[in-house]
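Novice: Predicted coordinates and the sequence they were generated for:
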Protein chains: 2
Amino acid sequence: MDPTLCQTAHQVRLLGRQNHITNTSGLAPGYLQANLLVLPSRHAEDFHNLCLRNPVSCPLLGLTQKGNPHIIYPSTCIKDKDFDLRTDCPKYRVYKDGKYIESRTDLMNLWTDDYVGFLIGCSFSFEDALSDAGLRPRHQATGTIVPMYKTRIPLLASGVFKNGTCIVSMRPYRMEDVERVREITRPFLATHGEPVDWGWDALERLGISDIEKPDFGERQVFEDGEVPVFWACGVTPQMAVESAGDRIEGLVFAHEPAHMLITDFTVKDLETLGKPLYN
Amino acid sequence: MDPTLCQTAHQVRLLGRQNHITNTSGLAPGYLQANLLVLPSRHAEDFHNLCLRNPVSCPLLGLTQKGNPHIIYPSTCIKDKDFDLRTDCPKYRVYKDGKYIESRTDLMNLWTDDYVGFLIGCSFSFEDALSDAGLRPRHQATGTIVPMYKTRIPLLASGVFKNGTCIVSMRPYRMEDVERVREITRPFLATHGEPVDWGWDALERLGISDIEKPDFGERQVFEDGEVPVFWACGVTPQMAVESAGDRIEGLVFAHEPAHMLITDFTVKDLETLGKPLYN
């Protein structure tokens, strides 16, 4: 099946399970995509608090019960009865002692009853809204992977996770379009929301030394008058894992950047996601 | 009435209304204290999102309806029928075009039907827990105001609020006590939670040039082996107002640093405050 013809999140998850897709940018329009982090239960509370303290880079969409890879809370996040967190991402990364050691197509042989999985919002979720407004992201037009950069924006400490920093994704836009880009992405609070910085002078503030050399993904071409616009990125939890180093006991798993898990949340759910009850 | 003998938040608020108290550190033990920001309704959504995007420095405890200074949502935050946001802080600050212009004992002549008030968590709320563990904050022992410093931790942008940075409060502790201090304050997610940084090398990371010269409050004496421990601070919204400058139309009001509003929330409410529903 051509993945771009998939109408539902469930169909795309099945293609991910069968490893028939890679970069999920643009797939399953209207559905929220998710970053993944899976870690031993003894570190789950620290990571949960890390998400609550850093909701722009780590907006929490849902989590599993300890040891159960089939059910996400809240249940509206993923509705399949045959969902499996260990297979339904197109690709996974494995970390040991805070270091990336390998990528895998599934986690079947590594998962134990002690793991807890967290789904984190992804900026791919607001790309449809940008395209609908005539502001299609460059990497979609060129069929490349969105570039991602390490920054010096601190990730505010939580338990074993300390001295980490945030990752940002980048899309080129003309400076006169930046306010509109901010407005369009602002309501997407649960999927990184509006940009954290923009303009060529943002490079120094963020500590990015070379825009041509992203830390993940692929470099993009800037046209005349365009500036880089930076959003917080859900690869940040993987930097948090690096910052924790050998304070984390056991293996940690994550998605491969740009190879996201598609959720059943839609853009309509954003009206409640990431907002307090009394609003 | 001796303010240190007050048993309830309501009693302390009445003393605030009558301007009989100043620094509220240590008053109304067990009750959560709040920072205040009051701004024109056209900027309320941007500020609300600023709080949601920066919950460590700006943890939202409650807010008013537009124009009504008597009721805070959620209603468990402040229960008085005769509550008045315009009088019940010990002291207020007034900002115009992003600049502090004066301090006042009340806002009676400045309030209009267009204002919205926000209550933000305060680190005074976890000082009782530190004292109970034998880790009494130095400024309480010396009867001084906790020192507060501007940092280069970015405040993540929201609408008119951009390029702001975070304020931190500082308490000296011995390095070997830092992990315990982190553990004790960690559960207080809605009142800044665990420290954002600590140790003498934190000064460079945070961009603090002189520990002897706080931007607000009073310098503290360090004993042998002590290091500075820094928490995010609810004066940060005032820096956000400075960052917005003349993009904010109309006057903005805040509390005078350390002169807090006492809420009816208690430490028991922290189990739910600042946490998502499905946890």
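Specialist: Perfect, thanks for sending it. Note that this is a predicted model, so its numbers are computed, not measured. Numbers count the residues shown, from 1 in each chain, chains lettered A, B, ... in the order given.
Novice: ok, and the closest non-adjacent residue to A:Arg13?
Specialist: A:Asp88 (4.6 Å; CB to CB, 6 or more residues apart in numbering or on different chains). Every C-beta, even on glycine, is put in place using the N, C-alpha and C of the backbone.
Novice: And the helices in chain A?
Specialist: For chain A, applying DSSP state H gives helices covering A:9-17, A:44-53, A:127-132, A:138-142, A:178-185, A:202-206, A:236-244.
Novice: Who are the packing partners of the fifth one?
Specialist: Packing partners of helix A:178-185 (3 or more CB pairs under 8 Å, 6 or more residues apart in numbering or on different chains; DSSP states H and E): helix A:127-132, strand A:226-232.
Novice: any idea how far A:Met175 is from the residue lying farthest from the centre of chain A?
Specialist: Distance from the centre of chain A peaks at A:Asp224, with 29.3 Å (CA atoms, centre = their mean). Distance of A:Asp224 to A:Met175, given as CB to CB, to the nearest Å: 11 Å.
Novice: do A:Thr64 as well
Specialist: 43 Å.
Novice: And A:Gly225, by the same measure?
Specialist: On the measure of CB to CB, A:Gly225 and A:Met175 end up 7 Å apart.
Novice: Repeat that for A:Ile145.
Specialist: For A:Ile145, the distance to A:Met175 - CB to CB - is 25 Å.
Novice: Which one's more surrounded, these two?
Specialist: Using other CB atoms under 10 Å in any protein chain shown as the criterion, A:Ile145 and A:Met175 rank with A:Ile145 on top: 19 against 13.
Novice: Enumerate every residue touching the more buried one.
Specialist: A:Ile145 is in contact with A:23, A:25, A:139, A:216-218, A:257-258, counting by CB atoms under 8 Å, 6 or more residues apart in numbering or on different chains.
Novice: which bits of chain A sit near chain B?
Specialist: Contact residues (CB under 8 Å from any CB of the partner chain) of chain A with chain B: A:48-49, A:52-56, A:60, A:62-63, A:73-74, A:153-154, A:156-159, A:182, A:186, A:189, A:193-197, A:205, A:232, A:274-279.
Novice: Buried only: go through those for me.
Specialist: A:48-49, A:52-56, A:60, A:62-63, A:73, A:153-154, A:156-159, A:182, A:186, A:189, A:193-197, A:205, A:232, A:274, A:276 (16 or more other CB atoms under 10 Å in any protein chain shown).
Novice: ok, back up a step: can you turn the buried part of the contacts of A:Ile145 into a PyMOL selection?
Specialist: The PyMOL selection below is limited to those of the contacts of A:Ile145 classed as buried (16+ other CB under 10 Å):
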select buried, chain A and resi 23+25+139+216+217+257+258
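Novice: List just the nearest of the contacts of A:Ile145 to A:Thr165.
Specialist: Nearest to A:Thr165 among those is A:Phe216, at 14.0 Å by CB to CB.
Novice: what's near enough to touch that closest one?
Specialist: A:145, A:147-148, A:167, A:235, A:257-258.
Novice: isn't A:Met170 right up against A:Glu212?
Specialist: No - with contact defined as CB atoms under 8 Å, A:Met170 does not reach A:Glu212; the gap is 11.3 Å.
Novice: And those two? Which one has more around it.
Specialist: For A:Met170 versus A:Glu212, neighbours defined as other CB under 10 Å are more numerous around A:Met170 (26 against 8).
Novice: Enumerate the beta-bridge partners assigned to the more buried one.
Specialist: Beta-bridge pairing for A:Met170 (DSSP bridges): A:Phe230.
Novice: A:Pro154 versus the closest residue to A:Thr236 other than its chain neighbours, what's the distance?
Specialist: Sequence neighbours aside, A:Ser57 is the residue nearest to A:Thr236 in space, at 3.9 Å (criterion: CB to CB, 6+ apart). Using CB to CB, one gets 10 Å for the distance from A:Ser57 to A:Pro154.
Novice: which neighbours do those two share?
Specialist: A:Cys166.
Novice: Show me chain A divided up by domain.
Specialist: A:9-122+A:245-274, A:124-236 (the TED database).
Novice: Can you give me the end-to-end span of the first one?
Specialist: As for domain A:9-122+A:245-274, its first-to-last residue distance stands at 21 Å under the measure CA to CA, to the nearest Å.
Novice: ok, and for stretch A:266-276, which residues are buried?
Specialist: For stretch A:266-276, the neighbour count (16+ other CB under 10 Å) marks A:267, A:269-270, A:273-274, A:276 as buried.
Novice: Likewise for stretch A:60-80?
Specialist: A:60-64, A:69, A:72-73, A:76-78.
Novice: where does chain A have low pLDDT?
Specialist: A:1, A:275-279 (pLDDT under 70).
Novice: A:Phe47 is in contact with A:Leu155, isn't it?
Specialist: No - when contacts are counted by CB under 8 Å, A:Phe47 is not listed as touching A:Leu155 (11.5 Å).
Novice: list residues touching both of the two?
Specialist: With CB under 8 Å, 6+ apart, A:Phe47 and A:Leu155 have common neighbours A:161, A:240.
Novice: Keeping just the C-alphas, turn stretch A:229-238 into PDB.
Specialist: This file holds the C-alpha atoms of stretch A:229-238, laid out as PDB (Å, rounded to 0.1, in the frame of the first residue of the first chain):
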ATOM      1  CA  VAL A 229      12.800  29.200  12.400                       C
ATOM      2  CA  PHE A 230      13.300  26.800  15.300                       C
ATOM      3  CA  TRP A 231      10.800  24.700  17.200                       C
ATOM      4  CA  ALA A 232      11.500  22.600  20.300                       C
ATOM      5  CA  CYS A 233      11.900  18.900  19.200                       C
ATOM      6  CA  GLY A 234      10.900  15.600  20.700                       C
ATOM      7  CA  VAL A 235      14.300  14.100  20.200                       C
ATOM      8  CA  THR A 236      15.200  16.100  23.300                       C
ATOM      9  CA  PRO A 237      14.300  13.100  25.600                       C
ATOM     10  CA  GLN A 238      17.200  11.300  24.000                       C
END
